[in-house]
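A.B. asks: Give me coordinates for this.
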Amino acid sequence: MLTPSSETEAAEIIREHADSKTPLHIRGGGTRAGFGNAVTAEATLSSASLTGIVEYNPAEMVITVRSGTPVAEIEAALAANGQAMAFEPMDHRGAMGTSGTPTIGGLFAVNSSGPRRFTAGAARDHLLGVRFVNGAGDVVKAGGKVMKNVTGLDLVKLLAGSHGTMGFLTEVTFKVLPVPKTAVTIVISGLEDEQAMRALAAAMSLSVEVSGAAHLPESVRGRFIGGNLPEGSATVMRLEGLEASVTVRAEKLAAAMAGFGPVSRLDAEHSTTLWREIRDIMPYADGTARPLWRLSMAPSQAWKLVAGLRLRAGIDAYYDWQGGLVWMRMEAEPEAEVLRHGIRSLGGGHATLLRAAPEIRAVTPAFEPQTPAVALLSGRVRAKLDPHGIFNPGLMT
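C.D. replies: Modelled structure (predicted):
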C-alpha cells in the first residue's frame, strides 16, 4: 500500500511506475472494495493521507478539499454553516460489507449520487475543479471555482465517474447548497409497480417541487424506518424547503395523489431517516454477497424489466429516481445475460453489478459493455491521460 502525503510524492510514485509500466490499483477509502472487474496490480496507491480542507467560503458556497479527506469531516464543516452536498452521496459500506472510510475523492471518482439526483443533478454536476496526476506522472489542474461553458475535453466531468482509470485525484473543488429547513414525505400505500410509476409521473408533473420519488414494494417496505411505514407497498415523494411552503405543497400533493390510493405523511425526522436508507440501499445491507445490481433505465420501462425477471428468477427490487433507478438483489445467480438482454429489448439502459461473490465477479462483467464507437473514443481518451495503462487496468472492461 502506497500512501503519499503530498501531491508531489504521488506524482513521483506514478512517474516511477509509468517508467517501468507497472500497474497501480487506485484506491480512496476502501468502502467499495471488491467492486468492478478484477485489477491486476502489484501495488495499491491510496489517497488516504491526502487530507484536509484547503479553502471553504460559506458565503460563496464553494469548498476545496484534498481527495483523501473523509466525507464525514466535510459534512460536519458544511453542517456547521447550514450547508450540505445537494447530490446526497451514498455510503456503500452497508451494501458492500466494507469497513473503510468514505473519502471525497472516492465519492467523485464513482460519481456517487443519491435520491435528489433527478432534480439536483449528479455529483459531477456539482464539481467545479480538480487537480490530478495523470499516467505519465504530470500534475494537471482543470476547472476552477465557478461554473462556465467549456469547449473541447471537459476534464472535470471526465474524471468524475472514471473509477480511477483516468487519473489519480489529489484535490477537488465543488459547490454546496443550503440545507432545506424542513421536509415531509407523502406516502401512497398498496400500489403495484405499474400503478406506482403512474403516480410518480403525475406527482412530477405538478408544481410542488418533488425532491425525492421512490417506490418500495411490499417485499422491502418493512425494512425501512424500523418497519414504521404503513402496510402494503409504499410509493414515497419528498418535499423540502421552508416550513410554510412545504405545508402548502404537501396539501396539494396529497390531494392530487388521493385518487391513486390511501395517502399518509411522514414528518421531517422520519423523512430524513427514510431517504438516507433509500440512498444507502439499506434493505440489501444484509451481510451477504448475494448479487446486487444497479439498473438505470427509463422509468416507463424499468418496472417491465422487473416484472419479467420475477417470472424466471428469484429477485428483490425497489425503485428510486421516479422509477429510473432500480436496486435489484438476486437470490442466487446474477442472471447477467438475461438481465442485459431484457434492458436492450426495452429501449436500453445500464446494468452495473455492485456486489457479488468473488467467483461470480471473476466471470461476470461489472459494467455494461460499451458500444464499439464508445469503446474506441474511451480508449483514445484513456491513452492520452494514461499512456502506459497503469491505472486500474481491467477495472471497467
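A.B. asks: Contacts only, for the closest residue to residue 47 other than its chain neighbours.
C.D. replies: Spatial nearest neighbour of residue 47, chain neighbours left out: residue 68 (3.9 Å); criterion: C-beta to C-beta, 6 or more residues apart in numbering. For glycine as for every other residue, the C-beta is placed from the backbone atoms N, C-alpha and C. Contacts for residue 68 (C-beta atoms under 8 Å, 6 or more residues apart in numbering) come out as 28, 29, 46, 47, 48, 49, 50, 51, 103, 104, 105.
A.B. asks: switch the cut-off to 7 Å
C.D. replies: Contact partners of residue 68, counting by C-beta atoms under 7 Å, 6 or more residues apart in numbering, are 28, 47, 48, 49, 50, 51, 103, 105.
A.B. asks: got the contact list for the fifth one?
C.D. replies: Taking C-beta under 7 Å, 6+ apart, we find residue 50 in contact with 4, 66, 67, 68, 170.
A.B. asks: ok, the first one - how many residues close by?
C.D. replies: Residue 4 has 22 neighbouring residues, counting by other C-beta atoms under 10 Å.
A.B. asks: Could you tell me what pLDDT the model assigned to it?
C.D. replies: What the model reports as pLDDT for residue 4 is 97.
A.B. asks: How about the fourth one?
C.D. replies: Note on residue 68: pLDDT of 98.
A.B. asks: Tell me where the model's unsure across the stretch 201-350 of the chain.
C.D. replies: Across the stretch 201-350 of the chain, nothing is flagged by pLDDT under 70.
A.B. asks: Thought residue 184 was touching residue 243, still the case?
C.D. replies: No - assessed by C-beta atoms under 7 Å, residue 243 is found out of contact with residue 184, at 9.4 Å.
A.B. asks: The two - which one has more neighbours?
C.D. replies: Higher neighbour count among residue 243 and residue 184: residue 184, with 22 against 13, using other C-beta under 10 Å.
A.B. asks: Okay, now the sheet partners of the strand or helix carrying the more buried one, with direction.
C.D. replies: Applying DSSP states H and E as the criterion places residue 184 in strand 182-189. In the sheet, strand 182-189 lines up against strand 234-241 (antiparallel), strand 263-266 (antiparallel) (DSSP bridges).
A.B. asks: right, so those strands: which one is the most enclosed?
C.D. replies: strand 234-241 (a mean of 25; mean count of other C-beta atoms under 10 Å).
A.B. asks: who touches that strand?
C.D. replies: The contact list for strand 234-241, computed with C-beta under 7 Å, 6+ apart, reads 180-181, 183-189, 191, 196, 199-200, 203, 208-216, 221, 246, 249-250, 253, 271, 274-275.
A.B. asks: likewise stretch 371-384?
C.D. replies: Taking C-beta under 7 Å, 6+ apart as the rule, stretch 371-384 contacts 158, 165, 166, 370.
A.B. asks: Only the buried residues of that stretch, if you could.
C.D. replies: 378, 382 (16 or more other C-beta atoms under 10 Å).
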